[in-house]
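Visitor: Take this sequence and fold it.
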Amino acid sequence: MAKVAREMAEKTGIDVDELLKLLVKNAAAELTTYYYYTILRANLIGLEGEGIKEIAEAARIEDRNHFEALVPRIYELGGKLPDDMKVFHDISACPPASLPKNPSDVKAILRVLVDAERCAVRGYTHICNLTAGKDHRTYDLALAILNEEIEHESWFSEFLGEGPSGHFLRRGETSPFVRKFLQ
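Guide: Numbers count the residues shown, from 1 in each chain. The predicted model follows:
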């Protein structure tokens, strides 16, 4: 544990235990979303589904990267991940992105995807608000993840016909904002 990291965050008035709880819950959301997106992506078939599969895959891989980027910060602040995967799943900051009742309904899958991204956007916005100007490293990490989650939401919401977002799928490049935390 980086004792000074925790000490400095506490000196700014951050409740580090509460921050750790949020970080662990968001890490759980990222890892479980990676899992559920695997199932959703596998069910994106047919003419309508195949066009979305690549975008779902990009979001899936980036969610795994978000998990990988969060773990070091959790431990730096003196936290840890639960020992039990079932417990970890159940404390997720977001509900499971489960396959809809009709797995061939591409629009229903898109609604699951966009809802998951919207939950993530809310969670990382909250962490940014708590750490802005106080815990620079956690803020920078949460902001990087937030930027990618906003892009994911934009991709899926466009397919639902909610309007243009101005965001485009990144070709051959994943996690452009989070990459610096993965090295």
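
Visitor: which secondary structure element contains residue 25?
Guide: helix 16-42 (DSSP states H and E).

Visitor: Can you mark which positions in that helix are buried?
Guide: 16, 19-20, 22-34, 36-37, 40-41 (16 or more other C-beta atoms under 10 Å). Where you see a C-beta, it was placed from the backbone N, CA and C, and this is true even at glycine.

Visitor: Give the rounded mean pLDDT of it.
Guide: Helix 16-42 shows a mean pLDDT of 98.

Visitor: how far is that helix from where the chain is centred?
Guide: In this view, helix 16-42 has its centroid 6 Å away from the chain centroid, taken as C-alpha atoms, centre = their mean, to the nearest Å.

Visitor: Now do whichever helix or strand comes after it: distance to the chain's middle.
Guide: Counting by DSSP H and E, the next helix or strand C-terminal to helix 16-42 is helix 46-76. Counting by C-alpha atoms, centre = their mean, helix 46-76 is centred 8 Å from the centre of its parent chain.

Visitor: So which elements touch helix 46-76?
Guide: For helix 46-76, the packing partners by 3 or more C-beta pairs under 8 Å, 6 or more residues apart in numbering; DSSP states H and E come out as helix 16-42, helix 106-131, helix 136-159.

Visitor: and the last one, what does it pack onto?
Guide: For helix 136-159, the packing partners by 3+ C-beta pairs under 8 Å, 6+ apart come out as helix 46-76, helix 106-131.

Visitor: list the contacts for residue 179?
Guide: Residues near residue 179 by C-beta atoms under 8 Å, 6 or more residues apart in numbering: residue 65.

Visitor: low pLDDT regions in the chain?
Guide: The model of the chain has pLDDT under 70 over residues 1, 170.

Visitor: try it again with 80
Guide: Residue ranges of the chain with pLDDT under 80: 1-2, 166-172, 183.

Visitor: and the closest residue in space to residue 164 that isn't next to it in sequence, what is it in contact with?
Guide: Closest residue in space to residue 164, ignoring its immediate chain neighbours: residue 158 at 6.5 Å, by C-beta to C-beta, 6 or more residues apart in numbering. By C-beta under 8 Å, 6+ apart, the residues touching residue 158 are 164, 165, 167.

Visitor: and residue 61, how many residues sit next to it?
Guide: As a burial measure, residue 61 scores 14 neighbours (other C-beta atoms under 10 Å).

Visitor: Against residue 35, how distant is it?
Guide: The gap separating residue 61 from residue 35 is 13 Å, by C-beta to C-beta, to the nearest Å.

Visitor: What of residue 181?
Guide: To residue 35, residue 181 is 21 Å away according to C-beta to C-beta.

Visitor: ok, now residue 101?
Guide: Going from residue 101 to residue 35 by C-beta to C-beta gives 19 Å.

Visitor: Contacts only, for the residue lying closest to residue 25 once chain neighbours are set aside.
Guide: In space, residue 25 comes closest to residue 93 once its chain neighbours are excluded; the distance is 3.9 Å by C-beta to C-beta, 6+ apart. Going by C-beta under 8 Å, 6+ apart, residue 93 touches 22, 25, 26, 28, 29, 119, 120, 123.

Visitor: If anything else comes up later, I'll come back, but that's it for now.
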